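make a model of this:
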Amino acid sequence: MTQLENKSSQRKLGSFKGRSMYLNALLAVSFIFLLIGILFYVSWSILYGTWLDPGLYSFVVPMIVLGIIGIFYVYVWENP
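Predicted coordinates:
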């Protein structure tokens, strides 16, 4: 297998071989933050009918942003 094929197979979403336990934990926490942020926004807005609540945004936006930054860090910056 060539080096290019090896790198492309390691970058697949389901490929966790060769990753440290720290990166796997960071990826899991990032997905959890993203999921909690999205689900909390949708459920709160449905229950209370407040789709444009600044207080809700102050909780949800940091959760979603931290989740996205963590996922990008693991998949983009840690895999050259």
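
how about the helices in the protein?
3-10, 21-48, 54-72 (DSSP state H).

for the longest one, packing partners?
To tie it back to what came earlier, the one meant is helix 21-48. Secondary-structure packing of helix 21-48 (3 or more C-beta pairs under 8 Å, 6 or more residues apart in numbering; DSSP states H and E): helix 54-72. Yep, even glycine has a C-beta here, placed from its N, CA and C like the rest.

how about the residue lying closest to residue 40 once chain neighbours are set aside, what does it touch?
In space, and not counting its chain neighbours, residue 40 is closest to residue 60: 6.0 Å by C-beta to C-beta, 6 or more residues apart in numbering. Applying C-beta atoms under 8 Å, 6 or more residues apart in numbering to residue 60 gives the contacts 37, 38, 40, 41.

okay, and the helix or strand of this structure with the least pLDDT?
Counting by mean pLDDT, DSSP states H and E, the chain has its least confident helix or strand at helix 3-10, which shows a mean of 55.

residue 56 against residue 50, yeah?
Yes - with contacts counted by C-beta atoms under 8 Å, residue 56 reaches residue 50, the gap being 6.4 Å.

higher neighbour count, these two?
Neighbours were counted for residue 56 and for residue 50 using other C-beta atoms under 10 Å; residue 56 has more, 16 against 12.
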